[in-house]
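Student: structure for this input, please:
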Amino acid sequence: MGIQDWSENIILVVLPREPEMGGEINTVTEILCDRDNCDVVVDFSNVDIVTSSSLSKLLNLSELLTDCGHRLVFCNVAMSTKRIFLVTGLDQMSEFADDRDIALASLQEETQQEVPEESQETALEASHEVPLERLWERNAKTN
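Tutor: I've put the predicted structure just below:
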């Protein structure tokens with residue numbers, strides 16, 4: 001559980017169960033007020049219920065991100081919670097992904113499209129996801 005800087009532009013939040021959920025959402029909102037360049041993934045895998053207080057805080061978080069032009073992606077959301085989001089309109093203000101990996105990948109893909117290709121290669125190297133052939137080609141060019 002907790003809040004993690006997944007990358008420079010993505011915050012991952014693994015929500016705890018109620019009653020701690022509201023405090024975690026408040027902390028994320030405070031972080032976003034200091035950093036205006038982040039998308040947020042919220043993982044609901046530990047959540048069984050959402051209180052009206054936490055729902056209100058999620059709505060505020062969604063509005064904050066939308067106003068700044070950033071994305072809010074929910075993942076691992078139980079069907080009962082999705083129904084609550086549908087009734088409150090939160091489903092229209094955020095995106096849903098089946099799991100954390102899909103949510104993070106969708107945000108990283110968008111971020112990489114905005115970054116020049118040379119910077120993308122550096123980011124791939126840092127994540128150890130560069131095919132070995134590309135590294136050899138790049139080393140051959142520089143030597």
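Student: could you use CA atoms for every contact and neighbour count after this?
Tutor: Noted.
Student: for this protein, which segments count as strands?
Tutor: Assigned by DSSP state E, the strands in the chain fall at 2-7, 10-14, 39-43, 72-75, 95-97.
Student: comparing those strands, which comes out most buried?
Tutor: strand 39-43 (a mean of 24; mean count of other C-alpha atoms under 10 Å).
Student: so which elements touch that one?
Tutor: strand 10-14, strand 72-75, helix 100-114 (3 or more C-alpha pairs under 8 Å, 6 or more residues apart in numbering; DSSP states H and E).
Student: export the strands of the chain as TSV, with columns for mean pLDDT and distance to L107.
Tutor: Formatted as TSV, the strands of the chain follow (pLDDT from 0 to 100; distance: least, C-alpha to C-alpha, whole Å):
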stretch	mean pLDDT	distance to L107
strand 2-7	93	10
strand 10-14	97	8
strand 39-43	97	7
strand 72-75	97	9
strand 95-97	96	11
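Student: re the thing from before, could the helices and strands packed on strand 39-43 go into TSV alongside distance to R35?
Tutor: Output for the helices and strands packed on strand 39-43, formatted as TSV (distance: least, C-alpha to C-alpha, whole Å):
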stretch	distance to R35
strand 10-14	10
strand 72-75	15
helix 100-114	16
